[in-house]
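>>> attaching a predicted model along with its sequence, questions to come.
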Amino acid sequence: MDCFSCENHQCIIKKNCRQEKLRSFIQRKATLRCKKGQNFIIEGAPVHGLYFVQNGKVKVAKTGLNGKEQIVRFTGNGETIGHRGFGAGQTYQINAVALENTVLCNFSTDTLKEMLMEVPTLTYELMTFYAEELNRSETKVKKFAQMTVREKVIDALLYINRKFGRTHDLLNLQLSRKEISDFAGTTEEQVIRTLSSLRKDGLIETTGKRIGIKNVELLRKEISEHNYFLDS
DNA sequence: TCATTAACTGTCG
DNA sequence: CGACAGTTAATGA
């Protein structure tokens, strides 16, 4: 698919694709189709450019010493992955795994570098994205240090809801309890217990893997003193 | 259907 | 709160 007919209007390439200077570069992009569970960026592997999600969902994570995983963020349509590869070092410091069948656009580092040199609006928008990412990262440090397990789980649920939405109260992103714990910074058992507790309180519904949020306002209220508005 | 995987529970340090 | 062990429920070949 070419960028002109792409529906992802928040994608920074899409936003700038009308610029004449970018025309030839955009033709150089590669399209990659990933199956569910595919690990298309491997921690420690050489950087092979920047990715944009054209269609699908991806988790970005770091692996600890004992095999413990820390999910950094989830990405959906139009979002950027692998941007840290631009900086120092020639290897990725993250893993990226497709959570469902996903189509990705890939630009090589060299191609993107040329594009950034040519088009200031593209460079500025990428810079804004880096700034937002840094803000999110800093906020997450604070949350991990100050939130209780229950608050961290609520925060994770609201994040998924903000990012992927829900249909008939059910979250549009299906995650295992383990994945929720890897994102929230706690353990699988704690997530299971917290979800049961939230269900008893009538705040959520669970049917197997699926989680339904019944009362967003009450959940939001529980973590309101922890800067929910920062949209991390 | 049966075997494997994930969700859940109790308990202990 | 996290880790371990054990049970029950869900999934998929």
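Perfect, thanks for sending it. All values derive from a computational prediction rather than experimental measurement. Numbers count the residues shown, from 1 in each chain, chains lettered A, B, ... in the order given.
>>> report all helices and strands that the helix with the most length in chain A contacts.
When chain A is parsed with DSSP state H, its longest helix is helix A:120-146. Secondary-structure packing of helix A:120-146 (3 or more Cβ pairs under 8 Å, 6 or more residues apart in numbering; DSSP states H and E): helix A:12-16, helix A:109-118, helix A:149-164. From N, CA and C alone the C-beta is placed, and that goes for glycine too.
>>> pLDDT below threshold where in chain A?
A:227-232 (pLDDT under 70).
>>> get me the contact residues on it for DNA strand B.
A:Ser176, A:Arg177, A:Lys178, A:Glu188, A:Glu189, A:Ile192, A:Arg193, A:Leu195, A:Ser196, A:Thr206, A:Gly208, A:Lys209 (Cβ under 7 Å from any atom of the strand).
>>> does the fourth one really touch A:Arg177, like I thought?
Right, the one you point to is A:Glu188. Yes - counting by Cβ atoms under 8 Å, A:Glu188 does reach A:Arg177; the two are 5.0 Å apart.
>>> these two: who's more crowded?
Using other Cβ atoms under 10 Å, the more surrounded residue of A:Glu188 and A:Arg177 is A:Arg177, with 20 against 14.
>>> now the most centrally placed residue in chain A. Nearest residue, chain neighbours left out?
Nearest to the mean C-alpha position of chain A, by Cα atoms, centre = their mean, lies A:Phe74 at 2.4 Å. Closest residue to A:Phe74 apart from its sequence neighbours, by Cβ to Cβ, 6 or more residues apart in numbering: A:Lys59 at 5.5 Å.
>>> on that earlier part again, what residues of the longest helix of chain A count as buried?
A:Leu122, A:Glu125, A:Leu126, A:Lys140, A:Lys143 (16 or more other Cβ atoms under 10 Å).
>>> reformat those residues into TSV and put distance to A:Asn39 next to each item.
Shown next, in TSV, are the buried residues of helix A:120-146 (distance: Cβ to Cβ, whole Å):
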residue	distance to A:Asn39
A:Leu122	29
A:Glu125	28
A:Leu126	25
A:Lys140	23
A:Lys143	27
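>>> if we can go back for a sec, filter the residues of chain A next to DNA strand B to the buried ones?
By 16+ other Cβ under 10 Å, the residues of chain A next to DNA strand B give A:Arg177, A:Ile192, A:Arg193, A:Leu195 as buried.
>>> count of neighbours near A:Glu4?
In this structure residue A:4 is Phe, not Glu. By other Cβ under 10 Å, neighbour count at A:Phe4 equals 10.
>>> cool, A:Ile211 as well?
24.
>>> list the contacts of stretch A:168-185.
Stretch A:168-185 is contacted by residues A:57, A:59, A:61, A:68-71, A:74, A:99, A:143-144, A:149, A:152-153, A:155-157, A:159-161, A:163-166, A:187-188, A:190-192, A:195, A:205, A:209-214 when judged by Cβ atoms under 8 Å, 6 or more residues apart in numbering.
>>> how about the helix or strand containing A:Asp182 and DNA strand C, touching?
Using DSSP states H and E, A:Asp182 sits in helix A:177-184. No - using Cβ under 7 Å from any atom of the strand, helix A:177-184 never reaches DNA strand C; the gap is at least 8.3 Å.
>>> now that helix: buried residues?
Under 16+ other Cβ under 10 Å, the buried positions of helix A:177-184 are A:Arg177, A:Glu179, A:Ile180, A:Ser181, A:Asp182, A:Phe183, A:Ala184.
>>> good, wrapping up.
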